[in-house]
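In: Structural data only, the sequence is not supplied:
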Ligand SMILES: Cc1cc2nc3c(=O)[nH]c(=O)nc-3n(C[C@H](O)[C@H](O)[C@H](O)COP(=O)(O)OP(=O)(O)OC[C@H]3O[C@@H](n4cnc5c(N)ncnc54)[C@H](O)[C@@H]3O)c2cc1C
């Protein structure tokens, strides 16, 4: 047991029934705790609803990379680009953006990458366990992942990212055009090279995954309440209670897993965390006609195509526009247009579009672990672009901390007071 790892006392309340909160709830109920999850929405209805399903230990390359300063003008002027900042939100987002650029320094990126590798290393192993427990093993497929490049020069331009993966021990095969065509004949012939990462998995329906885990959690005696938490009330170095729309609730141990809304809630207890909603979009095509089998990322355009239970999903883009602005579905339309270029035989007749708020910290790492300011407060949010793959391990870490067990993961890189 760690010196600071005294077991938590009393019932556990988790705010947030996204994939992170529900994974934590699942591990906690398996440990025999009294657990309630509170969410203003139904489980998995927010960001965890429509992600690309990637569960990839090879995801060790942060969003912020060296050389970003050159790209700043396009963030403000190119609404079709992979990262776009809405002008109206720029003043509010500026401090976060400055930290984001600072996190792109080479030495910083190397440390962040090591922390991503440590967090994601066991993700597939943890999910195998969770989906077996919830009897939904069919949702987890292990087919690897592809990164697509249009020239040898473009591949070489990604050298630092490849180097980070090599350092993390990620297995990679470089494919040339002919091998790629044999592997995935549905893809356009414009790609001269691909990097294939064999040891990666996908979830075929991220929304159903949350619902299946939530259903098993409830079957095991867990409780899910649908109401909004409006405030945390601190008293004598603890969070004594939370205010909800249906009244106040006394707290034993509190876990904040409220995704992109976490910082807003924590502010009511005087805790300030730089968190932006990195808004992403998807288009899911119901009967695509032609489709790849393996999840693939078009490296230049920075979006992913991924087979799903409900069709073929194109997902990506990062729009900094805050929590409350309406979605801009032109971004989803851009994904669809680019999807047609990626898969020439695509039949996009029936499709749906969606936007979700990724909970983004400036350094691409979540906020995970105890908060030294309040003895009974734990954090599990801020997983940004990799929250599905981060959730299975983060949830386990939370269960370890509640039980007073020493987590296998060194939590220093994810500390809430690192900013
Ligand atoms: C287009 C796109 C593609 C992505 N692809 C991938 C991928 O391939 N792999 C991957 O690992 N990640 C991916 N992600 C990221 C991933 O989806 C997120 O990191 C993850 O879903 C975050 O989960 P969460 O539980 O933290 O947040 P959420 O799912 O948003 O859940 C937070 C919950 O908290 C609740 N809540 C908030 N405030 C309150 C309150 N005050 N009171 C009550 N309830 C509250 C909300 O209602 C919500 O249900 C992608 C994201 C997007 C947008």
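Out: Everything's here; your move. Since we're looking at a predicted model, the values are computed, not measured. Numbering: from 1, shown residues only.
In: And the next helix or strand past the helix or strand bottoming out on mean pLDDT in the chain?
Out: Lowest mean confidence among the helices and strands of the chain (mean pLDDT, DSSP states H and E): helix 72-77, at a mean of 81. On the C-terminal side of helix 72-77, the closest following helix or strand by DSSP states H and E is strand 83-85.
In: Could you give the average pLDDT over that following strand?
Out: On average, the pLDDT along strand 83-85 is 92.
In: partners of that strand, with directions?
Out: Strand pairing for strand 83-85, determined by DSSP bridges: strand 311-320 (parallel).
In: and the strand it pairs with, how far from the chain's centre?
Out: Here strand 311-320 is found 13 Å from its chain centre; the criterion is CA atoms, centre = their mean, to the nearest Å.
In: same question, stretch 305-324
Out: Centroid separation between stretch 305-324 and its chain, computed with CA atoms, centre = their mean, is 12 Å.
In: Just the buried positions in it, please.
Out: 305-308, 311-322 (16 or more other CB atoms under 10 Å). C-betas here are computed from N, CA, C, even on glycine.
In: And the ligand, is that stretch touching that?
Out: Yes: Stretch 305-324 comes into contact with the ligand (CB under 6 Å from any ligand atom), by way of 315, 316.
In: Now the residue of the stretch 1-150 of the chain found nearest the ligand. Nearest residue, chain neighbours left out?
Out: Nearest residue of the stretch 1-150 of the chain to the ligand: residue 18, at 2.2 Å (CB to the nearest ligand atom). In space, and not counting its chain neighbours, residue 18 is closest to residue 48: 4.2 Å by CB to CB, 6 or more residues apart in numbering.
In: Close to the ligand: what parts of the stretch 201-350 of the chain are there?
Out: For the stretch 201-350 of the chain, the contact set with the ligand under CB under 6 Å from any ligand atom comprises 228-229, 257-261, 265, 280-282, 315-316.
In: Return the closest of those residues with respect to residue 400.
Out: Among those, residue 257 lies closest to residue 400 (CB to CB), at 15.2 Å.
In: check contacts around that closest one.
Out: Shown in contact with residue 257 (CB atoms under 8 Å, 6 or more residues apart in numbering): 14, 15, 16, 18, 20, 21, 24, 380, 381.
In: you'd agree the fifth one is up against residue 386?
Out: No: applying CB atoms under 8 Å as the test, residue 20 and residue 386 come out as separate, 11.2 Å apart.
In: Show me which of those two is the more surrounded one.
Out: residue 20 (34 against 24; other CB atoms under 10 Å).
In: Thank you kindly, that will do.
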